[in-house]
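> the amino acid sequence is not available; the structure is as follows:
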């Protein structure tokens, strides 16, 4: 049996990136994984990500052609335009006001390179794009920061990188159907807003179905750690209740009842992680011990 080749929707697409830190390089990594030919111009001081975390920088830039370029010099501008002349896609992550200073306004680019598309990653859409911000502030604006603990990962940055790679695919389809490039702006604050939709809808608010109200969808202590329990659907909830020795039928009303919460907590609190991992396999219950 032969293995089918991996699908590479961006094979033959040449992307030039000027984007630094995390969202741009993460988007470029995704595009490279989809078959794109990726180049990146870095300023004389390099990408700050290399200083924050060398391992992350190395993984983000694997198989990416890197060239140093000071875009504020004539030599840097000449290199930039040599690369632009061969590129299908330009990826940036500057504040909007920085682009004209580098000669990278969309009208000028589109006039000089009609088939080139420009994907611009910004902090926020419109005039708010000039306001300084980072992943944490975009999450806070969208009610995704609770208490004093930092979020577990950089949700807006990584969500924005996915939206940017999606925008690249959109631009490629446009180029192939219309024969010309397009400009697409991807705002990290909008990525945070998209990730926050379940919270805005009330799904993850305290007491809601996936906000701790349903006894089958919570984090509980166990004998030697914690267990992330996700027995939300009726068939999973039924198996959980049977394992916990609950006689009541596992309907939605039952799963929201305080007595059910107490019974499930008591059951899990007397089991080890090993016992619960085995239970998950035997009874087909979605849970993960920590």
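Looks like it arrived, so ask away. Not measured: the values here are computed from a predicted model.
> am I right that residue 27 is in a helix?
Yes. Looking at residue 27 with DSSP: H, G, I helix; E, B strand; the rest coil, it is inside a helix.
> next, count neighbours for it.
30 (other Cβ atoms under 10 Å). The way it works is simple: take the backbone N, C-alpha and C, and place the C-beta from them, glycine included.
> ok, the one 4 residues further on next?
Residues within reach of residue 31, counting by other Cβ under 10 Å, total 27.
> now do it against residue 79, distance only.
21 Å (Cβ to Cβ, to the nearest Å).
> local confidence estimate at residue 39?
According to the prediction, residue 39 has pLDDT 98.
> contacts for whichever strand or helix holds residue 139 next, please.
Element membership for residue 139, per DSSP states H and E: helix 135-141. Here helix 135-141 makes contact (Cβ atoms under 8 Å, 6 or more residues apart in numbering) with 22, 123-124, 145, 150-151, 154-157, 188-189, 191-192.
> next step: those restricted to helices.
Among the contacts of helix 135-141, the members found in helices (DSSP state H) are 155-157, 188-189, 191-192.
> pLDDT on the strand or helix carrying residue 277, on average?
Assigning secondary structure by DSSP H and E places residue 277 in helix 273-283. For helix 273-283, mean pLDDT rounds to 97.
> list the buried residues of the helix or strand following that helix.
Next along the chain after helix 273-283, taking DSSP H and E as the criterion, comes strand 287-289. In terms of neighbour count (16 or more other Cβ atoms under 10 Å), strand 287-289 has its buried residues at 287, 289.
> elements contacting strand 287-289?
Contacts defined by 3 or more Cβ pairs under 8 Å, 6 or more residues apart in numbering; DSSP states H and E place strand 287-289 against strand 225-230, helix 273-283.
> chain center to it, what's the gap?
23 Å (Cα atoms, centre = their mean, to the nearest Å).
> also stretch 242-260?
36 Å.
> and it, how far apart are its ends?
Distance between the two ends of stretch 242-260: 12 Å, counting by Cα to Cα, to the nearest Å.
> buried set for it?
For stretch 242-260, by 16+ other Cβ under 10 Å, it's 243-244, 246, 250, 255, 260.
> report the two of those residues separated the most.
243 and 255 (14.1 Å; Cβ to Cβ).
> so among the buried residues of stretch 242-260, where is pLDDT lowest?
residue 250 (78).
> and residue 121, backbone torsions?
phi -90, psi 120 (degrees, to the nearest 10).
> helices of the stretch 151-290 of the chain, start to end?
In the stretch 151-290 of the chain, the segments counted as helices under DSSP state H, counting those that start in this stretch are 155-178, 188-195, 197-200, 234-243, 252-256, 258-269, 273-283.
> deepest-packed of the ones you listed, please.
helix 188-195 (a mean of 22; mean count of other Cβ atoms under 10 Å).
> that helix packs against which elements?
Right, helix 188-195 is packed against helix 135-141, helix 155-178 by 3+ Cβ pairs under 8 Å, 6+ apart.
> could these go into JSON lines alongside mean pLDDT?
Output for those, formatted as JSON lines (pLDDT from 0 to 100):
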{"stretch": "helix 135-141", "mean pLDDT": "97"}
{"stretch": "helix 155-178", "mean pLDDT": "98"}
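> for residue 63, which of those is the nearest?
When the helices and strands packed on helix 188-195 are compared by Cβ to Cβ, helix 155-178 sits nearest residue 63, at 15.6 Å.
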